[in-house]
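Enquirer: output the structure for:
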Amino acid sequence: MTGVLVVSGTGTGIGKTVVTAALAATALARGRSVAVLKPAQTGVAPGEPGDVAEVARLAGRVTTAEPARYPEPLAPATAARRSGLPPVDPEVIAKTARALAAEHDLVLVEGAGGLLVRLDDAGGTIAGIAGLLDAPVLVVAAAGLGTLNATELTVEALRARGLSCPGVVLGSMPGAPGLAERCNLTDLPAVTGLPLLGAVPEGAGALPPAAFRTGAPGWLAPALGGRWRRRQSFPGDPPGDRTP
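Expert: Numbers count the residues shown, from 1 in each chain. You can find the predicted model right below:
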């Protein structure tokens, strides 16, 4: 857990910010210095806390950077165009990430929406930023029905661009998972060919910061600095339906 790690996902509202906070908290607990970079924050008013502020609130002492902010909750390219503000420049974001990496053990770059959401009208995306940085992309996915297709498409897009991906983290895992959530624990690695590297519990972002920081390492796999392991079974599973 050093260098630059891009945190993207299969869409919006799936828990990328809370996963980013869990990554930051886990790294801080291991004595790492951490910076969090949000290339574009949309849907917040001037002075209103954005995603990097939420990460800092939950995780603790992290350096934060938010180069661009737009008031409307839209894709960054659209939000920039409608507001009359300059769009995100992927080269500037990459330069900022490199500067942060020179002074921190870990830099987390949290995307906006999904992997291919446009940052500017020239076609810049979070995937393009990862390519400029030669950085791995951690995929955050939903836990329930519909996630298999969206996650596989995201992973295919990464591979088509020659980008590396260490695995998938579930952004919001129900405490009492249904059939789809239980099956996805097995099916997501099968359809993506990537390991499942954690499951952040539903509602984790509402925990007091101290409880969040204590719990975060238990939500992430050892590859991400934590100690999470996939559960072997859930109440109600038939005897032959066990997560390996």
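Enquirer: so which residues of this protein form strands?
Expert: 3-9, 34-37, 41-42, 63-65, 69-70, 106-110, 137-141, 168-173, 196-201 (DSSP state E).
Enquirer: and residue 4, how close does it get to residue 107?
Expert: Relative to residue 107, residue 4 is positioned 5 Å away (Cβ to Cβ, to the nearest Å). In short, each C-beta sits where N, CA and C put it, glycine included.
Enquirer: neighbour count: those two, which is higher?
Expert: residue 107 (27 against 22; other Cβ atoms under 10 Å).
Enquirer: bridge partners for the more buried one, pull those for me.
Expert: Following DSSP bridges, residue 107 is listed with bridge partners residue 4, residue 35.
Enquirer: report the contact partners of it.
Expert: Applying Cβ atoms under 8 Å, 6 or more residues apart in numbering to residue 107 gives the contacts 3-5, 34-37, 97, 100-101.
Enquirer: got it, and residue 87?
Expert: Counted by Cβ under 8 Å, 6+ apart, residue 87 has contacts 68, 76-77, 80-81, 119-121, 124.
Enquirer: what's around the closest residue to residue 119 other than its chain neighbours, how many residues?
Expert: Closest residue to residue 119 apart from its sequence neighbours, by Cβ to Cβ, 6 or more residues apart in numbering: residue 88 at 4.0 Å. By the measure other Cβ under 10 Å, the count of residues near residue 88 is 25.
Enquirer: residues contacting residue 88?
Expert: 39-40, 67-68, 76-77, 80, 119-120, 124.
Enquirer: residue 209 now?
Expert: 57-60.
Enquirer: what about residue 229, how many neighbours?
Expert: 10.
Enquirer: sorry, slip of the keys, the one I care about is residue 36.
Expert: Around residue 36 there are 29 residues (other Cβ under 10 Å).
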